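K.L.:
Sequence isn't available, so here's the structure alone:
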């Protein structure tokens, strides 16, 4: 097994066979091109995801520039803004991404199951020779044409085989397939899977059941949120094209976009009312042929009051990419707004403001430092929201 390690914002070189290089290039997980100076050496760069993936006989590790607790904070906040702030359960800061997430999963799952498996009522439909619950008369006539037995019945069972436990089992089972899981996490997750033995084993590729937070399943909330994170990031049989890949990958641009969208929406509506619309559909032209979807549009009185776009990318050495400014100008023009807001993950450029000539439209570039403590990150988000609401009042 060949191991390739590359930083999220970096590049590395590795000696690979032509077949291994082509598999990496076709995987969609990293870019891989042969060196112009040596055909056996391949230049490898990440494509936005961080984590680990096994592609053929090559194991690729993409290490995030963020500390692991900061990364999980962003993910957790977007999943559950009102309840999950610092649910990193005392993670060792020296741990890699996969062991850290695995540790968080088994700790939260063990906390959830400390009082035993949650039980609830589940409605089942089946054919039976014994009447339980209610007879499904329409199905009885359609399937059995007047025969008395078997009977098509519907009944409620009080069982541990409910959505909450099925989601936990699915996440635990998925995590156990991730490459290079540490020994302690593997042992703990295996024990959890045994405790969930009476729960229906998830079918690979099937849609998991939905669950709703309530008073009865409150002790499961954090574990379920984290399970959803794990299920989104793991792909045991991810096949972009014809290339099988087994791994655990976070899509950082999407995570950052979700965090900004959720944090701004929550703060705007709580402090100033109105309604926040993620991925707001609008058009650039009068013929409605050119569609646009800003990450977030805040509406007040039925009219757009502010627009926000989140950008997790490396800036140019001189500042932010010009194309982002053109895009935001298009949003402001189409929505008739005097100001637009771009929120970046801070890199080598500070916050900036640009006033477009002959239009008066101002584009504000906010630089969010994700290396700071979570309270400081949320405080900065509140300042951004204050700026947005102030520009709307001034307009």
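P.N.:
Received the coordinates, thanks. Computed from a prediction, not measured in an experiment: that's the story for all the values here.

K.L.:
Could you use CA atoms for every contact and neighbour count after this?
P.N.:
OK.

K.L.:
which residues of the stretch 1-150 of the chain fall in strands?
P.N.:
In the stretch 1-150 of the chain, the strands defined using DSSP state E, counting those that start in this stretch lie at 2-7, 12-15, 30-34, 41-46, 49-55, 58-63, 120-128, 134-135.

K.L.:
Going toward the C-terminus from the lowest-mean-pLDDT helix or strand in the chain, what's the next helix or strand?
P.N.:
Each helix and strand of the chain was given a mean pLDDT (mean pLDDT, DSSP states H and E); the minimum falls on strand 234-238 at a mean of 52. Using DSSP states H and E, the next helix or strand after strand 234-238 towards the C-terminus is strand 245-251.

K.L.:
Distance to residue 341 and mean pLDDT added to the strands of the stretch 1-150 of the chain, as CSV?
P.N.:
Formatted as CSV, the strands of the stretch 1-150 of the chain follow (distance: least, Cα to Cα, whole Å; pLDDT from 0 to 100):
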stretch, distance to residue 341, mean pLDDT
strand 2-7, 29, 89
strand 12-15, 34, 92
strand 30-34, 30, 92
strand 41-46, 28, 93
strand 49-55, 25, 85
strand 58-63, 29, 88
strand 120-128, 46, 81
strand 134-135, 57, 82
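
K.L.:
Can you check which of these gets nearest to residue 176?
P.N.:
strand 49-55 (13.5 Å; Cα to Cα).

K.L.:
and that closest one, what does it pack onto?
P.N.:
Contact here means 3 or more Cα pairs under 8 Å, 6 or more residues apart in numbering; DSSP states H and E; on that basis strand 49-55 packs against helix 18-27, strand 58-63, helix 97-112, strand 245-251.

K.L.:
ranking these by mean pLDDT, which is last?
P.N.:
Ranked by mean pLDDT, the helices and strands packed on strand 49-55 bottom out at strand 245-251, with a mean of 76.

K.L.:
Now do the helices in the stretch 151-300 of the chain.
P.N.:
In the stretch 151-300 of the chain, the helices defined using DSSP state H, counting those that start in this stretch lie at 163-175, 183-195, 221-233, 252-272.

K.L.:
what's the most buried one of those helices?
P.N.:
helix 163-175 (a mean of 23; mean count of other Cα atoms under 10 Å).

K.L.:
Distance check, the spatially most central residue of the chain against residue 310.
P.N.:
Centroid-nearest residue in the chain: residue 255, 5.3 Å away (criterion: Cα atoms, centre = their mean). Taking Cα to Cα, to the nearest Å as the criterion, residue 255 is separated from residue 310 by 10 Å.

K.L.:
Residue 147 too?
P.N.:
Separation of residue 147 from residue 310 (Cα to Cα) stands at 63 Å.

K.L.:
ok, back up a step: do I have it right that the residue nearest to the centre of the chain meets residue 72?
P.N.:
No: at 9.8 Å, residue 255 does not count as touching residue 72 under the criterion of Cα atoms under 8 Å.

K.L.:
Now residue 281: closest residue in space that isn't a chain neighbour?
P.N.:
residue 293 (4.8 Å; Cα to Cα, 6 or more residues apart in numbering).

K.L.:
So what's the residue count around residue 64?
P.N.:
Here the number of neighbours of residue 64 (other Cα atoms under 10 Å) works out to 20.

K.L.:
Spit out the contact partners of it.
P.N.:
7, 8, 50, 51 (Cα atoms under 8 Å, 6 or more residues apart in numbering).

K.L.:
who wins for neighbours among those residues?
P.N.:
residue 50 (25 neighbours).

K.L.:
mind listing what that one touches?
P.N.:
Counting by Cα under 8 Å, 6+ apart, residue 50 has contacts 8, 61, 62, 63, 64, 249, 250, 251, 252.

K.L.:
Residue 328 too?
P.N.:
By Cα under 8 Å, 6+ apart, residue 328 lies in contact with 309, 340, 341, 342, 363.
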